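**Q** Model the following, please.
(2 chains, ligands or ions: 2)
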2 protein chains.
Amino acid sequence: MRVAILGVGTVGEQVAKILIQNQKLITARSGKEITPVIGVVKNLNKKRDIGIPLTDDMDAVLKRDDIDVYVELMGGVDYPYRIISEILKRKKAVVTANKALLAYHRYELQNIAQDTPFGFEASVAGGIPIIKTLREGLSANHISSVKGIMNGTSNYILTSMMQGGASFERALKSAQELGYAEADPTFDVGGFDAAHKLLILSSIAYGVYGKPEDILIEGIESITKEDIFFAQDFEYIIKLLAIAKKVDDKVELRVHPALVAKDKMIAKVDGVMNGISVVGDAVGETMFYGPGAGGSATASAVISDLIDIARDVKSPMFGYKIPLELTPLELLAQDEIRTKYYFRLTVDDKMGVLAKITNIMSENNLSIDSFLQKPKLKGDENGVTLFFTTHTSLELDVKRVIEILTKQEFVKEKPFMIRIEG
Amino acid sequence: MRVAILGVGTVGEQVAKILIQNQKLITARSGKEITPVIGVVKNLNKKRDIGIPLTDDMDAVLKRDDIDVYVELMGGVDYPYRIISEILKRKKAVVTANKALLAYHRYELQNIAQDTPFGFEASVAGGIPIIKTLREGLSANHISSVKGIMNGTSNYILTSMMQGGASFERALKSAQELGYAEADPTFDVGGFDAAHKLLILSSIAYGVYGKPEDILIEGIESITKEDIFFAQDFEYIIKLLAIAKKVDDKVELRVHPALVAKDKMIAKVDGVMNGISVVGDAVGETMFYGPGAGGSATASAVISDLIDIARDVKSPMFGYKIPLELTPLELLAQDEIRTKYYFRLTVDDKMGVLAKITNIMSENNLSIDSFLQKPKLKGDENGVTLFFTTHTSLELDVKRVIEILTKQEFVKEKPFMIRIEG
Ligand SMILES: NC(=O)c1ccc[n+]([C@@H]2O[C@H](COP(=O)([O-])OP(=O)(O)OC[C@H]3O[C@@H](n4cnc5c(N)ncnc54)[C@H](OP(=O)(O)O)[C@@H]3O)[C@@H](O)[C@H]2O)c1
Ligand SMILES: NC(=O)c1ccc[n+]([C@@H]2O[C@H](COP(=O)([O-])OP(=O)(O)OC[C@H]3O[C@@H](n4cnc5c(N)ncnc54)[C@H](OP(=O)(O)O)[C@@H]3O)[C@@H](O)[C@H]2O)c1
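**A** Ligands and ions are numbered 1, 2, ... in the order given. This is a model prediction of the structure:
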């Protein structure tokens, strides 16, 4: 089986290396020699140490007759979409790690691919075979929820803040120094990367459509040390969660920081690791843990797809042989989310303010569960910071309360909210 | 796809129920209706509430022409081996949850099956698709180790001992009352059930042969509250681990209680849950968590195999299309195990005893790492109990030391040892 690697960067380089290093084992497992025959890069002058020939002539590689599988590891959306469509139309198999591409074009690609193998295990949590697990391992189950830590960069930052007491800025800087975060970290810390992965998983769990624009995405940029302290006081850990959840006949998809009870398995996923919990009606609760990124872990997933292709093992792309005949699942509107909420609120330190706040809340159907008032720091002119959590509430009400509070004279900063998950 | 269920007990009943309850979803996912058409039981007079016809005439069911897949859920070894061989010879697909059968006859069954589908995902940690994960998801990797908590009963008992301070006997009794342990618990607490599962996983990870008799199996029956206290003092948790590990060109297979560092992911797997960590050369460390038993979680795995068969997805039984051409892996002799050890030793409370012990140890290549002497209880005529751990040592030396110590007059009870894992 002859493979072309389109993009030989962090992941592509490891794919080539592992195919060569583990060749004997891979041949035994797949029944065929899987040989990387050519790599395509943008800049041929870069120094690299890879045991395969390289070219920058994409068109020539696409036209070759001797390639059985194309592995796309360039990144981007429009260009790889064009290239992959072309390859699939020629009935050549494709493997990709490109979650951004799939977040936007997975159903178009499914249509083009039809029966041509299309592997994308590496697109979500490379070290965890979560796509195979959902699509095949848990296929007997109605999935109640898929909840996970799907972005290693954000998890590293939050772990540093929780364990080392670092501020967001300092934790981000150390992540960048260690190579865990890009120079422009928006994509990771803003929740977009996790959202792409969530959309892919929810296609398998629920067969739902949806693009990043359709779902709630909030990042971790506004989390402060105070939020961390509050969480610790109340036995919570703060995690950036990607959540797909069935609520009646709808599916809720959201990515945001969340307070997670300390004793949950998912709360124990630290540093750059990923963890995804899946609850199914037959299986109950499961959790899958492993590295979410890195060249070598991602290459492990890419090659597992290549081995499945060599073995001629082929599950339907999102696990449905027949389009879902159930009540068609719809995305739940953001306003309809129901959960518990944590608030951080800086207000004037005056008599009567607390009463006003609780009034506004109860008029809008929010009731307070627990309450913590930080002792006023000496010489702090900026008012006093209140922390509290609510009982289960409707997101629409929460939004309205935040809007109303923001307008109050005694409120010094826009109130900050974190959702509570289990 | 018409299915016969041979054995309609705890698991079989759930298989029938879920196939019926989740039928629409399962049909969409598998592309075929999967219909349980007949169940075979021993005692037709038992009251049951299952939506399929039952019979006690096995032969008649085996002879039917309208069955596509047989699901074996009776338990036992010889009888199901005979039945399944017969079915496979007729080229009919088989799915089983029977780990005891596979521990003894998996390679014979592989030979008979050849290309006939044979599913056994349910035989190891039902709620965790670990067979698929090892065979397909991590197929690019040389596996360094598979380590896990694969027996829910033992884990429930150890968790009760650690968290509730119960003695082994009391924890066992409560497990029995809750239905987590059989009347005769030997199979679970003695490590045999975990050993069966380990043998199955090591066929996939390493392609090694081996029957339960060939490997080290120790149970948790001799663990005392004192061991638990020691573990807690030194930041360890005691778990019954099943371990498959590559050591040079050999594979070490063993099941025994182990001290596990508290911050390891596997140490956090509590109660009846299972957790299996897999380390691969490309992927790094992963961990998979879920219910290991129970009718419904096990049925989830059985049905996932049925769906794969309906989808015509078929990986090689142990993941090798070609018998492993690597240096043939051999089982490591027990005496060659190298790890750290914990000792509990009750001795006369006399001058010089400690010196004698350390002498015997150093003469036999053991060196002490940490040491805890329990304060002598008032009026305790039975001597004083010593607890200590060693640096990495050879099992052969440890055995010899235990033998020598046992013969010493100042030693009151046979010394007790627990291996330390990471
Ligand atoms: N890195 C990870 O840990 C990770 C994890 C999971 C998924 N992924 C996904 O895997 C993909 C690759 O990521 P990466 O980290 O390996 O990226 P990378 O290190 O930036 O490598 C990209 C490679 O593609 C080549 N390339 C880019 N545009 C090209 C074009 N127009 N024509 C030809 N070659 C082109 C680059 O060539 P030059 O070398 O000449 O610049 C480079 O070799 C992305 O979709 C990413 O989201 C990555
Ligand atoms: N229970 C679990 O949580 C679990 C988890 C993983 C794997 N497993 C495995 O799954 C298998 C079944 O376990 P289980 O707990 O469901 O057992 P079970 O509750 O004891 O059920 C066994 C069933 O098989 C029937 N049976 C036994 N011998 C038979 C024979 N000679 N001819 C016809 N029918 C026969 C029994 O009939 P009667 O009902 O008439 O007695 C009963 O319906 C075992 O291999 C077990 O190791 C079980």
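**Q** Please count neighbours and contacts with C-alpha atoms only from this point.
**A** Noted.
**Q** what about the residue of the stretch 101-250 of chain A found nearest ligand 1, how many residues close to it?
**A** Closest to ligand 1 within the stretch 101-250 of chain A is A:Ser123: 5.3 Å, counting by CA to the nearest ligand atom. Look at A:Ser123: counted by other CA atoms under 10 Å in any protein chain shown, it has 27 neighbours.
**Q** didn't it look like it was pressed against A:Leu198?
**A** No: with contact defined as CA atoms under 8 Å, A:Ser123 does not count as touching A:Leu198 (10.5 Å).
**Q** Paired strands for the helix or strand of chain A with the lowest mean pLDDT, with orientation please.
**A** Sorting the helices and strands of chain A by mean pLDDT, DSSP states H and E puts strand A:330-331 at the bottom, at a mean of 77. Strands that pair with strand A:330-331, judged by DSSP bridges, come out as strand A:250-261 (parallel).
**Q** ok, and what's touching the partner strand?
**A** Identification of contacts with strand A:250-261 by CA atoms under 8 Å, 6 or more residues apart in numbering or on different chains yields A:191, A:194-195, A:198-199, A:206, A:208, A:215-220, A:231, A:235-246, A:266-267, A:329-334, A:337, A:418-422.
**Q** Take these and keep only those in helices.
**A** Residues of the contacts of strand A:250-261 located in helices (DSSP state H): A:Ala194, A:Ala195, A:Leu198, A:Leu199, A:Tyr206, A:Ala231.
**Q** would a markdown table of these with pLDDT be doable?
**A** Formatted as a markdown table, the ones in helices among the contacts of strand A:250-261 follow (pLDDT from 0 to 100):
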| residue | pLDDT |
| --- | --- |
| A:Ala194 | 98 |
| A:Ala195 | 97 |
| A:Leu198 | 98 |
| A:Leu199 | 97 |
| A:Tyr206 | 93 |
| A:Ala231 | 91 |
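**Q** Between those residues, identify the one with the most neighbours.
**A** Highest neighbour count within the ones in helices among the contacts of strand A:250-261, by other CA under 10 Å: A:Ala195, with 32 neighbours.
**Q** quick one on the thing from earlier: how far out from the middle of the chain is the least confident helix or strand of chain A?
**A** Mean-position distance between strand A:330-331 and its chain equals 19 Å (CA atoms, centre = their mean, to the nearest Å).
**Q** Rounded mean pLDDT for the following helix or strand past it, please.
**A** Following strand A:330-331 in sequence order, the next helix or strand is strand A:338-347 (DSSP states H and E). Mean pLDDT, computed over strand A:338-347, is 94.
**Q** Can you tell me what sits against the following helix or strand past strand A:338-347?
**A** Later in the chain than strand A:338-347, the nearest helix or strand by DSSP H and E is helix A:353-363. Contacts to helix A:353-363, defined as CA under 8 Å, 6+ apart, come from residues A:Val347, A:Ser367, A:Ile368, A:Val401, A:Ile404, A:Leu405, A:Phe410.
**Q** Could you count how many residues lie near the residue lying closest to the third one once chain neighbours are set aside?
**A** Once its chain neighbours are removed from consideration, A:Ile368 has its nearest residue in A:Thr390; the separation is 4.3 Å (CA to CA, 6 or more residues apart in numbering or on different chains). Other residues lying near A:Thr390 total 20 when counted by other CA under 10 Å.
**Q** Wait, A:Thr390 touches A:Ser367, no?
**A** Yes: applying CA under 8 Å, one finds A:Thr390 in contact with A:Ser367, separated by 5.5 Å.
**Q** residues contacting the closest residue to the residue of the stretch 101-250 of chain A closest to ligand 1 other than its chain neighbours?
**A** Once flanking residues are discounted, A:Ser123 sits nearest to A:Ala97: 4.1 Å by CA to CA, 6+ apart. Contacts of A:Ala97 were listed using CA under 8 Å, 6+ apart, and they are A:Glu72, A:Leu73, A:Phe120, A:Glu121, A:Ala122, A:Ser123, A:Val124, A:Thr298, A:Val302.
**Q** Return the residues in contact with the fourth one.
**A** When you say that, I think you mean A:Glu121. Contacts of A:Glu121 by CA under 8 Å, 6+ apart are A:Thr96, A:Ala97, A:Pro129, A:Ile130, A:Ile131, A:Lys132, A:Ala301, A:Val302, A:Ser304, A:Asp305.
**Q** Now which of those would you call buried?
**A** Among these, those scoring as buried are A:Thr96, A:Ala97, A:Pro129, A:Ile130, A:Ile131, A:Lys132, A:Ala301, A:Val302, A:Ser304, A:Asp305 (criterion: 16 or more other CA atoms under 10 Å in any protein chain shown).
**Q** Let's see which of the contacts of A:Glu121 end up in strands.
**A** Mapping the contacts of A:Glu121 onto strands (DSSP state E) picks out A:Thr96.
**Q** mind putting the contacts of A:Glu121 in TSV, distance to A:Ile149 and pLDDT included?
**A** Output for the contacts of A:Glu121, formatted as TSV (distance: CA to CA, whole Å; pLDDT from 0 to 100):
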residue	distance to A:Ile149	pLDDT
A:Thr96	21	98
A:Ala97	18	98
A:Pro129	14	98
A:Ile130	12	98
A:Ile131	15	98
A:Lys132	18	98
A:Ala301	18	98
A:Val302	21	98
A:Ser304	22	98
A:Asp305	23	98
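**Q** Filtering the contacts of A:Glu121 by proximity to ligand 1, which remain?
**A** Residues of the contacts of A:Glu121 in contact with ligand 1 (CA under 6 Å from any ligand atom): A:Ala97.
**Q** Next one, pLDDT for A:Val208 please.
**A** 88.
**Q** tell me the contacts of it?
**A** By CA under 8 Å, 6+ apart, A:Val208 lies in contact with A:Ser202, A:Val251, A:Leu329, A:Glu330, A:Leu331.
**Q** how about the nearest residue to the second one, chain neighbours excluded?
**A** Taking CA to CA, 6+ apart as the measure, A:Val251 lies nearest to A:Leu331, with 4.8 Å between them; neighbours along the chain are not counted.
**Q** residues near that neighbour, how many?
**A** Residue neighbour count, defined by other CA under 10 Å, stands at 20 for A:Leu331.
**Q** so what's it up against?
**A** A:Leu331 is in contact with A:Val208, A:Gly210, A:Lys250, A:Val251, A:Glu252, A:Leu253, counting by CA under 8 Å, 6+ apart.
**Q** what's the answer for A:Ala171, then?
**A** Per CA under 8 Å, 6+ apart, neighbours of A:Ala171: A:Ile157, A:Leu158, A:Ser160, A:Met161.
**Q** ok so the third one is a helix residue?
**A** What it means is A:Ser160. Yes: assessed by DSSP: H, G, I helix; E, B strand; the rest coil, A:Ser160 belongs to a helix.
**Q** What's the per-residue pLDDT of it here?
**A** Listed pLDDT for A:Ser160 reads 95.
**Q** thinking again about what came up before, please flag which of the buried ones among the contacts of A:Glu121 sit within helices.
**A** Counting by DSSP H, the part of those found in helices is A:Ile130, A:Ile131, A:Lys132, A:Ala301, A:Val302, A:Ser304, A:Asp305.
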